[in-house]
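A.B. asks: Coordinates only, no sequence provided:
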């Protein structure tokens, strides 16, 4: 199984809503990532989890709250978002075996988020 | 700091034409990794290739080939006999961290292959 799955595929929410994005992988990868991608732009890294611990937070506003319940799951909790947060949210995973050569990231299909 | 430049924002070709997507990178690190990803309209980024800085061998995979030249800091991607299914946005990316945590992406090149 070389797949990263994300749910939901589409999400529309109001600025006062609370919602969560879910990402799952069963490749035994120990690094997982959240990216945000605006139209016609490259992905921007938001968070990195290594061995279920948050290792990188790219100065993301607190209205985005990541969670890694176990090595296969990654969530992104959303609260009080703004319309400018509308974007494609991509999850990725990689093996994260430092010193053993590079580990490419495998991406999920993304969640298209619209904030009204 | 790292930087990746994909000067071609959009390329349009007719099916069966060959097309080359350019990628130029900047880094002061001597050990680094270069990638190409394909993003079709469905949204998922599909990993195509990785190259490390010690391996300048060019690679061919079916209709795809990659030309890595450290002397010009370039890692270009050629599609031979393009097909409509090749239509996508292609991203070149660079990392200097062998754990893969930080990818620096280029701006992407949108390739449109017309029948």
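C.D. replies: Noted; the coordinates are in hand. Worth saying up front: this structure is predicted, and the values here are computed from it rather than measured. Numbers count the residues shown, from 1 in each chain, chains lettered A, B, ... in the order given.
A.B. asks: What segments of chain B are strands?
C.D. replies: For chain B, the strands defined by DSSP state E occupy B:3-5, B:10-14, B:19-21, B:24-26, B:33-39, B:46-52, B:59-61, B:64-69, B:74-79, B:88-95, B:104-105, B:109-114.
A.B. asks: most packed of those?
C.D. replies: Of the strands of chain B, the one with the most neighbours on average (mean count of other Cβ atoms under 10 Å in any protein chain shown) is strand B:88-95, at a mean of 24. Where you see a C-beta, it was placed from the backbone N, CA and C, and this is true even at glycine.
A.B. asks: What pairs with it, parallel or antiparallel?
C.D. replies: strand B:33-39 (antiparallel), strand B:104-105 (antiparallel), strand B:109-114 (antiparallel) (DSSP bridges).
A.B. asks: Kindly reformat the ones you listed as JSON lines containing mean pLDDT.
C.D. replies: Shown next, in JSON lines, are these (pLDDT from 0 to 100):
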{"stretch": "strand B:33-39", "mean pLDDT": "94"}
{"stretch": "strand B:104-105", "mean pLDDT": "93"}
{"stretch": "strand B:109-114", "mean pLDDT": "97"}
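A.B. asks: for those strands, which one sits closest to residue A:58?
C.D. replies: Between residue A:58 and the strands paired with strand B:88-95, the shortest gap by Cβ to Cβ is with strand B:104-105, which sits at 12.3 Å.
A.B. asks: Residue B:90 and residue B:39 touch, don't they?
C.D. replies: Yes. Using Cβ atoms under 8 Å, residue B:90 makes contact with residue B:39 at a distance of 7.4 Å.
A.B. asks: Need the overlap of contacts for the two.
C.D. replies: Common contact partners of residue B:90 and residue B:39 (Cβ atoms under 8 Å, 6 or more residues apart in numbering or on different chains): residue B:108.
A.B. asks: where's the residue of chain B found nearest chain A relative to residue B:5, distance?
C.D. replies: Chain A sits closest to residue B:105 of chain B, with a gap of 3.6 Å, by Cβ to the nearest Cβ. Counting by Cβ to Cβ, to the nearest Å, the gap from residue B:105 to residue B:5 is 11 Å.
A.B. asks: Repeat that for residue A:80.
C.D. replies: Taken as Cβ to Cβ, the span from residue A:80 to residue B:5 is 36 Å.
A.B. asks: for the spatially closest residue to residue B:5 that is not a sequence neighbour, which residues make a bridge with it?
C.D. replies: Of all residues not flanking residue B:5 in the chain, residue B:24 sits nearest, at 4.7 Å (Cβ to Cβ, 6 or more residues apart in numbering or on different chains). Taking DSSP bridges as the rule, residue B:24 bridges to residue B:5, residue B:74.
A.B. asks: in chain A, what residue is nearest chain B?
C.D. replies: The minimum distance from chain A to chain B, using Cβ to the nearest Cβ, falls at residue A:42 (3.6 Å).
A.B. asks: Count the residues that sit near that residue.
C.D. replies: 22 (other Cβ atoms under 10 Å in any protein chain shown).
A.B. asks: right, and it touches residue B:108 too?
C.D. replies: Yes. Look at residue A:42 against residue B:108 with Cβ under 8 Å: they come within range, at 5.5 Å.
A.B. asks: hmm, back to that, thinking the residue nearest to residue B:5 is in contact with residue B:69, fair?
C.D. replies: No. Shown here, residue B:24 and residue B:69 do not form a contact pair, counting by Cβ under 8 Å, at 10.0 Å.
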